[in-house]
Structure formats: C-alpha cells, structure tokens
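Chemist: dropping a prediction and its sequence here:
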Amino acid sequence: MTPMSTSAPPRSLLAAVLVAGAGLLATATALGAASPGPRLTIDRTAVQPGAAVHLTGSGFPHTAHLVLLAGAREHGAKPIGSAVTGARGGFVATVRVRRRASPGSFVVVACSDACHLRASTRFRIVRR
C-alpha cells in the first residue's frame, strides 16, 4: 500500500486558477475600455455670424455617411452639411455659419443610420 501524500496541491492547478483569474480581469478591462459611442465636439462654443466652425466626430462606424444638422433644438434641426467617417469612425468637418444667422443657443448633430446613431454638441451665435 502506498502512503497518501499530504503535500500542498500541485502548482499547476494553482497556476491555472491564477491564469484564469487574470484572463477574467483582462476581459473586464477590455470591456471597460470599449468606445463610449459616438461623440461630437466643436472648436469653439461662441461663434459670430459668417464665421466657420470645425466639428470633430468619433466613435461612429467606419466609412459611415453622416448628415450634419443644426437648430435651436435637436428635434427640427435642419441639414447643414455631410461627412464620411474614416477607417476608425472619425471625421472632421468645417461648416460656415450664415451671415444673417440670428443670435442664440443652438445644437449641432451628426447622424448616421437615419439618426439611430447620433452625437450632438451645443454652441451659441453671438453678435459681432
């Protein structure tokens, strides 16, 4: 009859548990680092009539065709341009504010997929 071993569990089992735990941590970190979705920024928030603004978008699908809209509210905003995203889902667009634009607060929206996927930011038109 052979005596039973009372030694610690084999290191290979302990190593397997540690590797599995590290894999779960790496998966959780990768999930946490996922893109937050579409984003839109504007280079300045106060704009004079006739001036140009630069819009930067990210987080959209690659090579997506976007419609750019602007208005006092997101609902009812009018088209002001378009853009196509690059391989990483980003774009840069320059839009000129009409010379006769009325002062006030406005929103600019970048829409993809019939506006199911969108991002927006706010700006103000100020008098000269």
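Modeler: Arrived safely, thanks for sending. Since the model is a prediction, treat every value here as computed from it, not as a measurement.

Chemist: hey, let's count contacts and neighbours off CA atoms from now on
Modeler: Will do.

Chemist: can you name the element that comes right after the helix or strand of the chain with the lowest mean pLDDT?
Modeler: Least confident helix or strand of the chain, by mean pLDDT, DSSP states H and E, is helix 11-32 with a mean of 38. Note on helix 11-32: by DSSP states H and E, the next helix or strand toward the C-terminus is strand 39-42.

Chemist: what distance separates the helix or strand that that next one is followed by from the centre of its chain?
Modeler: Using DSSP H and E, the helix or strand that follows strand 39-42 in sequence is strand 46-47. Centroid separation for strand 46-47 versus its chain: 23 Å, with Cα atoms, centre = their mean, to the nearest Å.

Chemist: what's strand 46-47 packed up against?
Modeler: With contacts taken as 3 or more Cα pairs under 8 Å, 6 or more residues apart in numbering; DSSP states H and E, strand 46-47 sits against strand 117-125.

Chemist: tell me which strands the strand it packs on pairs with, and in which orientation.
Modeler: strand 46-47 (parallel), strand 104-112 (antiparallel) (DSSP bridges).

Chemist: name the residues of the longest one that are buried.
Modeler: Within strand 104-112, the residues that qualify as buried are 106, 107, 108, 109, 110, 111, 112, counting by 16 or more other Cα atoms under 10 Å.

Chemist: wait, isn't residue 59 in contact with residue 90?
Modeler: Yes. The criterion here is Cα atoms under 8 Å, and residue 59 meets it with residue 90 at 6.4 Å.

Chemist: coming back round to it: now the strands paired with strand 117-125 in TSV, with distance to residue 70?
Modeler: Converted to TSV, these look like this (distance: least, Cα to Cα, whole Å):
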stretch	distance to residue 70
strand 46-47	13
strand 104-112	4
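
Chemist: for residue 128, find the nearest of those strands.
Modeler: Nearest to residue 128, of all the strands paired with strand 117-125, is strand 46-47, at 9.1 Å by Cα to Cα.
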